[in-house]
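Trainee: 3D model of this:
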Amino acid sequence: MIDRQSLRLSAVLLLVGQVLFIVVTLLHADGPADNHPVVFAEYAASGSWKVVHLAQFLSMAILVAGLFALNFALDVPSGTSRWASKFGAAAAVVTLALYAVLQGVDGIANKQAVDAWVSAPAAEKAARFASAEAIRWLEWGVRSYQNMVLGLALILFAAAVVRTAGIPRPLGYLMGFSGLAYLMQGWVVGAEGFSGVETIAIEAAYVLDLAWMIWLAVIASRR
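Mentor: Residues are numbered from 1 along each chain as shown. The predicted model follows:
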């Protein structure tokens, strides 16, 4: 069973949130993420840091709202699929809460720390740099768990979608694979930080997300 109106709302929110997130992230200050002296200098020089991170949070909020709406769109009356959808919606809410913490650490604390390091006198440089690294490692931890919970939410919704009449099963499989890509991101960030492997996982998640979200939007527009 599918609630048509909720499905359209979910499809629009998901696609808009994902596209906005990708576009805004392209504006993020760049640099070799695990070369801290170089990348911290890049971050300190950024004039749009806080705006970009606020925009990232708003984009994620739209995307999570789309996942939450999907719970109502599926309208599963009972059974395992109903519980998968409900727990998926709960995981989506936790995802947004963790992302708010992440953006507080990265978008505010991290910027203050690298600014203080750049402007510190020579005698204080080492201590300021150590503080900035500690906040960076805290960012790794929060991002790791946020990615894992988002991956879990997608896998739970995928399980519900696969067993819902009216939505092709392959769409659910794509959702599940994107969830696995987020789980991989979370594991890699927790183990080794923002490495090249994590970048590959991010790009894989973007491709898979756009594939199933566009497909869902097409289905919603035709119903």
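
Trainee: So which other helices or strands are in contact with the helix or strand where Val24 lies?
Mentor: Per DSSP states H and E: Val24 is located in helix 4-26. Applying 3 or more Cβ pairs under 8 Å, 6 or more residues apart in numbering; DSSP states H and E, one finds that helix 4-26 makes contact with helix 49-74, helix 196-222. The C-beta positions use only the backbone N, C-alpha and C, and glycine is treated the same way.

Trainee: For it, buried residues please.
Mentor: Going by neighbour count (16 or more other Cβ atoms under 10 Å), the buried part of helix 4-26 is 6-21, 24.

Trainee: What is the subsequent helix or strand relative to that helix?
Mentor: helix 36-45.

Trainee: So which elements touch that following helix?
Mentor: Using 3+ Cβ pairs under 8 Å, 6+ apart, helix 36-45 sits against helix 111-119, helix 125-162.

Trainee: for the record, mean pLDDT for the helix or strand just after the last one?
Mentor: Sequence-wise, the next helix or strand downstream of helix 125-162 (DSSP H and E) is helix 169-192. The predicted model gives helix 169-192 an average pLDDT of 95.

Trainee: which secondary structure elements does helix 169-192 contact?
Mentor: Counting by 3+ Cβ pairs under 8 Å, 6+ apart, helix 169-192 packs on helix 125-162, helix 196-222.

Trainee: buried ones in the first one?
Mentor: Residues 128-129, 131-132, 135-136, 138-140, 142-162 are the ones in helix 125-162 that count as buried (16+ other Cβ under 10 Å).

Trainee: Tell me what angle it forms with helix 36-45.
Mentor: 80 degrees (axes from the mean of the first three to the mean of the last three Cα atoms, to 10 degrees).

Trainee: mind putting the helices and strands packed on helix 169-192 in JSON lines, mean pLDDT and distance to Phe87 included?
Mentor: Formatted as JSON lines, those follow (pLDDT from 0 to 100; distance: least, Cβ to Cβ, whole Å):
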{"stretch": "helix 125-162", "mean pLDDT": "95", "distance to Phe87": "5"}
{"stretch": "helix 196-222", "mean pLDDT": "93", "distance to Phe87": "19"}
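
Trainee: Is it possible to get those helices out as JSON lines so that each row also shows distance to His53?
Mentor: As requested, these are arranged in JSON lines below (distance: least, Cβ to Cβ, whole Å):
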{"stretch": "helix 125-162", "distance to His53": "11"}
{"stretch": "helix 196-222", "distance to His53": "17"}
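
Trainee: Select, out of those helices, the one closest to Val114.
Mentor: Using Cβ to Cβ as the measure, helix 125-162 is the one of the helices and strands packed on helix 169-192 that comes nearest Val114, at 5.2 Å.

Trainee: Can you name every helix or strand that the closest one contacts?
Mentor: With contacts taken as 3+ Cβ pairs under 8 Å, 6+ apart, helix 125-162 sits against helix 36-45, helix 49-74, helix 80-103, helix 111-119, helix 169-192.

Trainee: what about 10 Å?
Mentor: Counting contacts by 3 or more Cβ pairs under 10 Å, 6 or more residues apart in numbering; DSSP states H and E, helix 125-162 is packed against helix 36-45, helix 49-74, helix 80-103, helix 111-119, helix 169-192, helix 196-222.
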